[in-house]
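Colleague: The following comprises the amino acid sequence and a computationally predicted model.
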Amino acid sequence: MNALIDTVIPALAPAGSVRSTTGPGAPATSGPPATAVAPAGTGALAVLEDLNVWFTDALGRRRHVVHDLSVDIRPGECVAVIGESGSGKSVTARTLIGLTGPNAHVEATTATLFGRDVLTLQDGDWKSIRGRDVGFILQDALVSLDPLRTVGAEIGESLRLHGVRGRAERSARVEQLLAEVGVPEPRLRAGQRPDQLSGGLRQRALIASAIANHPALVVADEPTTALDVTVQAQVLDVLAQRKDQGTAILLISHDFSVVGRLADRVLVMQGGRIVESGTAAEVLADPQHPYTRQLLDAVPSGHTKGEYLTEAGRGRAAERPGGTVPAGTRRAEAGPPAVLTARGLTKSYRGPDGRDRAVVRDVSFDVRAGQTLGIVGESGSGKSTTASMALGFVAPDAGTVLLEGAPWSELSVAGRRPRRREVTVVYQDPLSSFDPRWTGRRILTDALDAGSAPGPFASGRARRAHRAELAERADHWARLVGLAPEHLAKHPLRLSGGQRQRLAIARALAPEPRVVVLDEAVSALDVSVQAQVLDLLTELQETLGTTYLFISHDLGVIHHMSDEILVMKDGEAVEHGPADEVFGAPRHPYTRELLESLEQLSTHVASR
């Protein structure tokens, strides 16, 4: 099993605990079906028994997405649900707080929240419950926060609706909450809109809003996806403190370090069913079900460097003539040329207080052909701004970017257009990068069609053949990233967060570019899909020679994928070198701090 996971949980589960597994491949057990229901009489705040959820599509077809699920959550307890995208974990959480949606049909023997039947509550009832008694943290903060008002106004509105009437008191409380979840310069940030904040800052603002009124239950759906390890540890400390004070937490996460840090009990879901449940120590240290073991084995880290994460990836590599060079071992090649070169990049922005702030200062790097440069650092360290300058989307105040030795950043938009397909990007927030009117198929065919469409005098037959070829190639790229044809028929809003991210990756890779900038590209994916995508990126790099600029707060992903690593803090590159050297013998105090935060996050539960 992955060495990182081995450090998360102590080797032995608590004596006398009860394990339960079900489903194909599960070991025989003499216990009851897999549930996560606490003993009777423990005063659970939320109870679901025999929950079943169906969705009805536009053609009237019903899809069964949650099967006979039972769980309860007690005060001061965190119950975590892990599983792949589409396993039903988010639907379960939303059902508990009345957000399943108009096309859902819900049945349950029991479905209560604070003793009230959630299936009979009306909209007016929920308005008094959500925000006061229940805090809800979504992973997609840009969609969840109102784009037309400041984050301070958003948090303040929640406080006002639930009893904090004085404006000065609300403002002070907003700043306190933002500081509590690790937002720097909280007064300044409270005056900014969501689009003016980084993904990590938006996520922290959303968490602050969710916990503003000290709710009895917090439903956290991938709450730390956009956060670097130092801020992640800080936010988890905040949630742990609330838990110690009696707050119940329902945690949805694909990050096993987060689950190990916070959860008391764990449910593993596959295909809408619980296949394994038990204490966090039991499930993570000694998984019984093959699916749970598969999830844990798919977690990338330095331990997996030089290996493929999935059986399918290893099998495809073995079938290729001569095999392939696994991820993270390409530095042994003799001096490949630099495809992307940055020298002295500097960029400042003026804040709402009228002050200029340098977000990138004198950053230089080379990304060599067929290799990966990983950029790590806290939210707000300048990683994404550096990427935007490398892409040519933002002009540096000073410095230059070269593409294969030729000017890139200095060119006009028209000057870059002939080579634009050679440099593509996958953003952290895929939804905002899509035309919401287009289906997934049109998004992919548009990426494939640029520069290849038949001329204005082409025959109808040639045009039909071209469209058929585009459709076939779109299906090919969709399959490579784990999307089915029915996903391509949907609009982005109808796809899950993980499915949207896979579509974004397929769109970026389809033109077979020279350089792909991946800005938190796998942060929204569950571990098994993430493993598939990382293996895919490695295979494409080997077969196509693609060069990656890989930005991530996930140090395990960065170590697994990168040949070279650039560490950024406060806009500056504080360390740069081969991946194994940076992780194995960090020279800068900040790099050591990052790695210590990761170690503390991974080993915290071992002391419980």
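Modeller: All right, it came through fine. Numbers count the residues shown, from 1 in each chain.
Colleague: Break the protein into its domains for me.
Modeller: Using automatic domain parsing, the domains assigned to the chain come out as 3-133+215-297, 145-213, 311-432+514-607.
Colleague: Just checking the distance from the longest one to the centre of its chain.
Modeller: This points to domain 311-432+514-607. In terms of CA atoms, centre = their mean, to the nearest Å, the centre of domain 311-432+514-607 is set 16 Å apart from its chain centre.
Colleague: if we can go back for a sec, tabulate the domains of the chain in JSON lines, adding columns for mean pLDDT and mean neighbour count.
Modeller: Every C-beta, even on glycine, is put in place using the N, C-alpha and C of the backbone. Written out in JSON lines, the entries for the domains of the chain read as follows (pLDDT from 0 to 100; neighbours: other CB atoms under 10 Å):
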{"stretch": "domain 3-133+215-297", "mean pLDDT": "82", "mean neighbour count": "19"}
{"stretch": "domain 145-213", "mean pLDDT": "88", "mean neighbour count": "20"}
{"stretch": "domain 311-432+514-607", "mean pLDDT": "85", "mean neighbour count": "19"}
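Colleague: Out of these, which is closest to Lys490?
Modeller: Shortest distance between Lys490 and the domains of the chain, using CB to CB, is found for domain 3-133+215-297: 10.3 Å.
Colleague: ok so, going back, tabulate the domains of the chain in TSV, adding columns for distance to Arg441.
Modeller: Rendered in TSV, the data for the domains of the chain read as follows (distance: least, CB to CB, whole Å):
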stretch	distance to Arg441
domain 3-133+215-297	17
domain 145-213	27
domain 311-432+514-607	16
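Colleague: Out of those, which gets nearest to Ala468?
Modeller: domain 311-432+514-607 (21.6 Å).
Colleague: circling back to that earlier point, which one of the domains of the chain lies nearest to Ala489?
Modeller: domain 3-133+215-297 (10.9 Å).
Colleague: ok, now which ones touch the closest residue in space to Ala179 that isn't next to it in sequence?
Modeller: What sits nearest to Ala179 in space, not counting adjacent residues and going by CB to CB, 6 or more residues apart in numbering, is Pro186, at 4.7 Å. If you count contacts by CB atoms under 8 Å, 6 or more residues apart in numbering, Pro186 has them with 174-176, 178-179.
Colleague: Same check on Val174?
Modeller: 152, 155-156, 159, 186, 190, 208.
Colleague: On the three-state scheme, it is what?
Modeller: Of the three states, Val174 takes helix under DSSP: H, G, I helix; E, B strand; the rest coil.
Colleague: same deal with Gln499?
Modeller: helix.
Colleague: Distance from stretch 89-109 to the middle of the chain?
Modeller: Relative to the mean C-alpha coordinate of its chain, stretch 89-109 is positioned 23 Å out (CA atoms, centre = their mean).
Colleague: Quote the end-to-end distance of stretch 187-203.
Modeller: By CA to CA, to the nearest Å, the extent of stretch 187-203 from end to end equals 17 Å.
Colleague: I'd like the numbering to begin with 19 instead of 1 from here.
Modeller: With the count now opening at 19, the last piece we talked about shows up as stretch 205-221.
Colleague: hmm, who's touching it?
Modeller: Contacts of stretch 205-221 from elsewhere in the structure, counted by CB under 8 Å, 6+ apart, are 157, 159-160, 163-170, 173, 189, 192-193, 196, 201, 223, 241-246, 249, 369-371, 396-398, 402, 446-447, 538, 571.
Colleague: ditto for stretch 407-422
Modeller: Outside stretch 407-422, the residues within contact range by CB under 8 Å, 6+ apart are 355-366, 378, 380-382, 403, 406, 425-429, 434, 437, 440-441, 443, 532-533, 535, 567.
Colleague: Could you rerun that using 7 Å?
Modeller: Stretch 407-422 has contacts (CB atoms under 7 Å, 6 or more residues apart in numbering) with 357-366, 403, 406, 426-428, 434, 437, 441, 443, 535, 567.
Colleague: ok, which stretches of the stretch 519-626 of the chain are helices?
Modeller: For the stretch 519-626 of the chain, applying DSSP state H, counting those that start in this stretch gives helices covering 545-562, 573-579, 597-602, 607-621.
Colleague: Which parts of the stretch 269-418 of the chain are helices?
Modeller: In the stretch 269-418 of the chain, the segments counted as helices under DSSP H, counting those that start in this stretch are 274-280, 298-303, 308-315, 329-337, 401-409.
Colleague: helices or strands up against the first one?
Modeller: Under the contact criterion of 3 or more CB pairs under 7 Å, 6 or more residues apart in numbering; DSSP states H and E, helix 274-280 touches strand 96-101, helix 247-262, strand 266-270, helix 298-303, helix 607-621.
Colleague: And the second one, how far out from the chain middle?
Modeller: Which is helix 247-262. 18 Å.
Colleague: which strands and helices sit next to it?
Modeller: Short answer (3+ CB pairs under 7 Å, 6+ apart): helix 247-262 packs on helix 217-229, helix 274-280, helix 607-621.
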